[in-house]
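J.: sequence and predicted structure below; questions after.
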Amino acid sequence: MKLRSAALAAAMALTGATAQADVKVGMITTLSGGGAGLGIDVRDGFMLAVKQAGRDDLDVVIEDDQRKPDIAVQLADKMIQSEKVDVLTGIIWSNLAMAVVPAATAQGKFYLSPNAGPSPLAGKGCHENYFNVAWQNDNLHEAAGAYANDAGLKDSFILAPNYPAGKDALTGYKRFFEGDLSGELYTKLGQTDYAAEIAQIRASGADSVYFFLPGGMGISFLKQYAASGVDLPLVGPAFSFDQGILQAVGDAAMGVKNTSQWNKDIDNATNAAFVDTFQAEYGRLPSLYASQGFDTANLLISAMVKADVADADAFRAALKAAEFDSVRGDFAFGDNHHPVQDIYVREVIKEGDVYTNKIIATGLSNHADAYAVDCKM
Amino acid sequence: MTTLLFIEQMLNGLQFGVMLFLMSAGLTLVFGVMGLINLAHGSLYMVGAFAAAAVAAATGSFVLALMASLAAAALAGALIELTIIRRLYDRDHLDQVLATFALILIFSEGTRWMFGSFPLFLDVPSVLAGPVTLPGGIQYPAYRLSIIVIGLVVAAGMFGLINRTRIGIRIRAGEADREMIAALGVDIAKLYTFVFALGAALAGFAGALVGAIQSVQVGMGEPVLILAFVVIVIGGIGSIKGAFVGALLVGFTDTMGRVLLPQVFGLFLEPSAAVSVGSALASMLIYILMAGVLVFRPRGLYGVA
């Protein structure tokens, strides 16, 4: 890389061109261990967009955080100090984001979040160099609360893991849900057995269950719920029903309503092309994580076209403008650099042998997060 | 809380306990007989689950899948004992931890290389899908009930094996004095391979049983491994009886803690605080139990000095 940059610099000097410097991106994401499927999807989506752009002035360094906050912090330090990256991205988990993002933005680096959107970073702890391309954590849950009202549900039992995004999840659902809560539980992060929780759901007298259990936790919960004979309707955010885990859940997920800002049947040319090229490149359907990685890379590339990363103010303004073709259709940032977007209600269906989702309604339109008012930028 | 709910939760605790017993029986034997700390025990659990998922996908038979999990984990266990573990018996515990930790990484990445990063599908057999109604009107998943029965049968079998058979006598003798039984003409190397493969098979079996109601994915063994260590420390290292009692204690404590603590705190705290304090304390409860046991019985409940 160094050699190529040097050659490039020499060539520029010779021709007297005023071309811009390379942009170096550090991607810290989860590529091994329990949550690896999410990180791999974000990485693959991101790299697909990079490949399609075909720019040779964009370098991406990818490292695995193993879903451990201490390792994520070490990687961020290494990328900032020795790799001299301009932009960081990639983190999946909110607890890792909270460990990395504030320090990185304080050192003048840009951070583009392809997934985690913890509430402190959207409100009081917002930063001009932090952009969230996915959602603020509460968003999908707020849409689920709104959907539950529309569906006539009156009494929910709600549960989520005991970590920042779990608390954001239940807070988000409660913000919009107007019915009663028969029960509210925080489970251990990474818990795999939900027998005790399901027994409580059975005894609670609720008419519906809202749960936020991303990755393997959701697989375990859904299978055990199906076997328990409790038949209250389930509502969840897209994280427990994404393309990566649906096949492992199988029939237990059929018909469940879930909320997402993206689905493969959103009708626009960018999305159709994304779904096709992703499948051709990797041999599987993209998940919402892949769509977020793809949008993140395209946002970055749109800013690179307009401004030099060395000119932080111009680059920031170019990011804020968000002039790229999103797979979600229209895309805009609110004042706290979080998306203002439509959130859909999807239903799990089976297409041939493959479990997937289809959009059945719009949960919330042009929805911004509740923390933006606390953000003084 | 009603009596019915309480009984259901006791069953959940029992089911969790017997599953932990399958996992910790092998761990405690290996530690007790060979003096080896095997961090890779969780990987054998994962091997069992993946073997079961692969066989179930290919044949559609859950019974074959369970047999495959036993065979694959025993084979993997025997293989690593012969090639790697064998060299570690005379080393100190730190070397063993280092080498078996390396095995975790090798198993995890090897599994990812073979099966990919996305969780596999393994479902409960259709006969056992759905709930059964127990006396008293308790609805309980048939599959979990089967896990309880199978776990208790395996536990009884282990007691029989250790206490009533010749191989059991040798295992106990190996635990007490390995030089002496080697001097008496017992092939200690073969015995070690057998014990290791037996422990591995039990772990793999547990992985397959649990894989059907949880997710079969890379890294699924490590959280269980930590619990299994808690179990054998509580029960006393090397004791099958200790592992059984310890596993049930941990199973009940964890399940009842998760259910009761938030409610107890709800009596004098506002609901949201009660939920978060209760959940936080519930996840610490088994470690508090372990610390409590160690204060009064530093070698665990059935450990020998």
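T.: Nice, thanks for sending it over.
J.: okay but residue B:65 is in contact with residue B:49, surely?
T.: No. Applying Cβ atoms under 8 Å as the test, residue B:65 and residue B:49 come out as separate, 9.7 Å apart. Every C-beta, even on glycine, is put in place using the N, C-alpha and C of the backbone.
J.: give me the more crowded residue out of those two.
T.: Comparing residue B:65 with residue B:49 by other Cβ atoms under 10 Å in any protein chain shown, the one with more neighbours is residue B:49, at 33 against 25.
J.: tell me the secondary structure for that one?
T.: helix (DSSP: H, G, I helix; E, B strand; the rest coil).
J.: go on, residue A:153?
T.: Under the three-state scheme (three-state DSSP), residue A:153 adopts coil.
J.: ignoring the adjacent residues along the chain, who's closest to it?
T.: Nearest residue to residue A:153 in three dimensions, chain neighbours excluded: residue A:208, at 4.3 Å (Cβ to Cβ, 6 or more residues apart in numbering or on different chains).
J.: where does the one you found fall, phi/psi-wise?
T.: The phi/psi pair for residue A:208 (degrees, to the nearest 10) reads phi -160, psi 160.
J.: what's the neighbour count on it?
T.: Considering only other Cβ under 10 Å, residue A:208 is surrounded by 21 other residues.
J.: surely it and residue A:230 touch.
T.: No. Contact criterion Cβ under 8 Å: residue A:208 and residue A:230 do not qualify, at 11.2 Å.
J.: picking up where we left off before, tell me, what's touching residue B:65 and residue B:49 both at once?
T.: Common contacts of residue B:65 and residue B:49, defined by Cβ atoms under 8 Å, 6 or more residues apart in numbering or on different chains, comprise B:122, B:208.
J.: in the chain, which spans are helices?
T.: Just going to use chain A. A:2-15, A:36-53, A:69-81, A:94-106, A:119-122, A:139-150, A:164-176, A:195-204, A:216-228, A:243-249, A:269-282, A:288-306, A:312-321 (DSSP state H).
J.: you answered for a different chain; I wanted chain B.
T.: With helices called from DSSP H, chain B shows them at B:3-34, B:41-59, B:62-83, B:93-115, B:142-164, B:166-176, B:178-183, B:188-211, B:221-235, B:240-266, B:271-296.
J.: indicate which one of those is closest to residue A:297.
T.: Comparing the helices of chain B by their distance to residue A:297 (Cβ to Cβ), the top pick is helix B:93-115, with 24.2 Å.
J.: list the buried ones in the closest one?
T.: Buried residues in helix B:93-115, counted by 16 or more other Cβ atoms under 10 Å in any protein chain shown: B:96, B:99-100, B:103-104, B:107-108, B:111-112, B:115.
J.: okay, those in JSON lines with distance to residue B:285 and pLDDT next?
T.: Listed next are these as JSON lines, based on distance: Cβ to Cβ, whole Å; pLDDT from 0 to 100:
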{"residue": "B:96", "distance to residue B:285": "29", "pLDDT": "93"}
{"residue": "B:99", "distance to residue B:285": "32", "pLDDT": "95"}
{"residue": "B:100", "distance to residue B:285": "28", "pLDDT": "94"}
{"residue": "B:103", "distance to residue B:285": "30", "pLDDT": "95"}
{"residue": "B:104", "distance to residue B:285": "26", "pLDDT": "94"}
{"residue": "B:107", "distance to residue B:285": "30", "pLDDT": "94"}
{"residue": "B:108", "distance to residue B:285": "29", "pLDDT": "90"}
{"residue": "B:111", "distance to residue B:285": "31", "pLDDT": "92"}
{"residue": "B:112", "distance to residue B:285": "33", "pLDDT": "88"}
{"residue": "B:115", "distance to residue B:285": "34", "pLDDT": "90"}
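J.: quick one: stretch A:128-146 to chain centroid distance?
T.: Using Cα atoms, centre = their mean, to the nearest Å, the mean C-alpha position of stretch A:128-146 is found 9 Å from that of the whole chain.
J.: actually stretch A:26-37, not the one I typed
T.: Here the centre of stretch A:26-37 is set off from its chain's centre by 13 Å, with Cα atoms, centre = their mean.
J.: and what of stretch B:16-32?
T.: In terms of Cα atoms, centre = their mean, the centre of stretch B:16-32 is found 5 Å from the chain centre.
J.: how about stretch A:160-178?
T.: Mean C-alpha position of stretch A:160-178 versus that of the full chain (Cα atoms, centre = their mean) differs by 16 Å.
J.: quick check: mean pLDDT across it?
T.: What stretch A:160-178 shows for mean pLDDT is 92.
J.: wait, does that stretch contact chain B?
T.: Yes. Among the residues of stretch A:160-178, A:162, A:167 lie within reach of chain B under Cβ under 8 Å from any Cβ of the partner chain.
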